[in-house]
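[1] coordinates only, sequence not included:
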């Protein structure tokens, strides 16, 4: 997508946002009695039917959940967030339909490209002519609204939150004139080429936050004041050539090494720097001129270890340092983006993984296992897109909107893969939303009465206290995201709990919540529990399973009234928190990141200083340190960051202790200014390999 087309898309997104936010804000106040300053009319004064009253209660419960208190500023911020989330979700739904109906995908019948004249809606009216009937209770465009809402409900079965019409942020729906105005902007002929691009939904995500809002935030504070500010201040699209450079030399290189260079990725990966790793044995028969010629083309610090004797290379020292990794079943490879945004690294990696899976099927070492599970090649090829999403690609972001967009983008990428195989929509394997591992790093929710309700059921009783401790430790997940060492926090909580409990006198009664917390619960701790070595050995898994069990049970409840909304939001937050914990407890083969630069948020600063003393001066340095922790030995990290870490004295420990001791540099590109869209930062892209 060239710059002129991106500028056109930017202007379109800004106009759509303003139309939707203004329209939805008017509805929120005019229909539901909630103004932008947070004030709310008493429910009894509003002329609402039973459905409208339930919707108003759901809106109130959502605002209370987000505000976390009665402070007027928090309430105002919660209302602004509610309008923003509602507008963003609706715009993304329309954009998603535009992408799905594009001829290159043809996932759905044309539904929004010509508004109410679209083929899909016209067919719907033939099957359901009552949708066109007018009446005093049917607003203009009511039939088209019904059609779109049914379409949203259908898509929610596979894509989850983005299309879930039962969520409070789906209550507001733009008026007919507003919807037509937004569709006119999206359907402009000048934008026709946009809807064939996989990255379009990512650009919409970035452009939804106006540049002036980012500038205002930076003027107000040098450090982000909240997780929301952290997210939009670092929304900079990673150019495709940078994505390719990093993925080619990490994931692409990994497979290329496993196959000793015998792979189509050697041509597919345009930016792959082919070094001497797979030709160690061949060097014994090479002459000096050939080696020198290769060496002149390759920037690899290990090449300098080559020595020549009588026209033959002394390769013993080099060979001891370079060992091709053992072949691995492609279903075992794990790739994660720790600040995934709209998922550009993962989208590109999807294409590399397609080739990896296809080659693995015929590999002498890997093929037998794959052929046993998939005896028929055509069946195997149809399974590949789903296998990639289920086993290989993972992403984390502090912005729920980004997580929604990245999940949608990967689903669309899989659908395109099915189309490339010639599969019609009805013949494609269904990819369930649970197979898409894109997670919002969110704190566990703060409704302590609901948590206490669950903890009463836990056995042994000490498990409830552990659960609370971890719940508290996760409060910063939304501020520091992947930098929260939650897997280490769990182990620390367990160790301290056992030490502290062992020191208590017999028969002690523990209070689940401290005196500052409501809903105190006295829980007897029996000496046998403290001496149960089997429990403590499995305590981490028990705590995680308890959290997961609560999230599942809370989601399944069908209570009535505003409590049901609170309970559901609580369950959704718990699910996100649990998914985040699960991802942080795993280890990966490849990490790809375009991390935030600069200072941590105000609330996250102290934690970063404690957890990352060597790299606390800049978030990107801390992300590199964290990425290496999450890698298997021999795993690779591909990152684009500020280039300052390679020469400023304040980054000396980062260079000497992390890049040169815990890792080794594979390749680097000094890119300078003008790479990350409007970000005024000189960048470098590099790949390092974890030593260990």
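    Structure's in. What do you need? The model shown is predicted, which means the values in this text are computed figures rather than measured ones. Numbers count the residues shown, from 1 in each chain.
[2] CA atoms for contacts and neighbours, from now on please.
    Fine.
[3] Can you list the residue ranges for strands in the stretch 351-500 of the chain?
    Applying DSSP state E, counting those that start in this stretch to the stretch 351-500 of the chain gives strands spanning 393-397, 437-440.
[4] Take the ones you listed and write them to CSV, including mean neighbour count.
    As requested, the strands of the stretch 351-500 of the chain are exported to CSV (neighbours: other Cα atoms under 10 Å):
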stretch, mean neighbour count
strand 393-397, 27
strand 437-440, 28
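[5] Check which helices and strands the lengthiest helix in the chain sits against.
    Ordering each helix of the chain by length in residues (DSSP state H) puts helix 72-101 first. For helix 72-101, the elements it packs on are helix 3-30, helix 50-67, helix 200-208, helix 400-420, judged by 3 or more Cα pairs under 8 Å, 6 or more residues apart in numbering; DSSP states H and E.
[6] any weak-confidence spans in the chain?
    For the chain, applying pLDDT under 70 flags the ranges 68-71, 130-141, 161, 210-237, 275-323, 444-450, 500-532, 550-571, 673-680.
[7] domains for it, by residue range?
    3-197, 220-272+324-434+587-692, 281-321, 448-583 (automatic domain parsing).
[8] any idea which of the ones you listed is most buried?
    domain 220-272+324-434+587-692 (a mean of 20; mean count of other Cα atoms under 10 Å).
[9] Leaving out chain neighbours, which residue sits closest to residue 326?
    residue 258 (6.0 Å; Cα to Cα, 6 or more residues apart in numbering).
[10] Can you tell me how far the one you found is from residue 638?
    18 Å (Cα to Cα, to the nearest Å).
[11] Verify the stated contact: the residue nearest to residue 326 with residue 356.
    No - Residue 258 is beyond contact range of residue 356, at 10.6 Å (criterion: Cα atoms under 8 Å).
[12] next one: the longest strand belonging to the chain to chain centre, how far?
    Ordering each strand of the chain by length in residues (DSSP state E) puts strand 631-642 first. Centroid separation between strand 631-642 and its chain, computed with Cα atoms, centre = their mean, to the nearest Å, is 18 Å.
[13] Check which helices and strands it is in contact with.
    helix 240-247, strand 588-593, helix 619-630, strand 683-690.
[14] quick one, which of these is nearest to residue 41?
    helix 619-630 (43.5 Å; Cα to Cα).
[15] name the helices or strands packed onto the closest one?
    So helix 619-630, by 3+ Cα pairs under 8 Å, 6+ apart, packs with strand 631-642.
[16] Tell me the first helix or strand C-terminal of the strand it packs on.
    helix 652-653 (DSSP states H and E).
[17] Show me what that following helix is in contact with.
    614, 615, 645 (Cα atoms under 8 Å, 6 or more residues apart in numbering).
[18] give me that answer again for 7 Å
    With contact meaning Cα atoms under 7 Å, 6 or more residues apart in numbering, helix 652-653 is reached by residue 614.
[19] OK, contacts around the closest residue to residue 640 other than its chain neighbours?
    Nearest residue to residue 640 in three dimensions, chain neighbours excluded: residue 685, at 4.2 Å (Cα to Cα, 6+ apart). The contact partners of residue 685, by Cα under 7 Å, 6+ apart, come to 639, 640, 641, 668, 669, 670.
[20] Then residue 668?
    685, 686, 687.
[21] Can you classify it by secondary structure?
    Three-state assignment for residue 668 (DSSP: H, G, I helix; E, B strand; the rest coil): strand.
[22] Surely the residue nearest to residue 326 touches residue 324?
    Yes - counting by Cα atoms under 7 Å, residue 324 is a contact partner of residue 258 at 6.2 Å.
[23] Next, find the distance separating residue 262 from residue 386.
    For residue 262, the distance to residue 386 - Cα to Cα - is 25 Å.
[24] before we move on, back to that, what about the longest helix of the chain, distance to the chain center?
    18 Å.
[25] Please apply the same query to stretch 480-497.
    20 Å.
[26] hmm, back to that, now render the strands of the stretch 351-500 of the chain as a markdown table, adding distance to residue 482.
    Below are these laid out as a markdown table (distance: least, Cα to Cα, whole Å):
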| stretch | distance to residue 482 |
| --- | --- |
| strand 393-397 | 7 |
| strand 437-440 | 10 |
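[27] To residue 77, which of the ones you listed lies closest?
    Nearest to residue 77, of these and by Cα to Cα, is strand 437-440 at 20.1 Å.
[28] And that closest one, what does it pack against?
    strand 393-397, helix 400-420, helix 562-584 (3 or more Cα pairs under 7 Å, 6 or more residues apart in numbering; DSSP states H and E).
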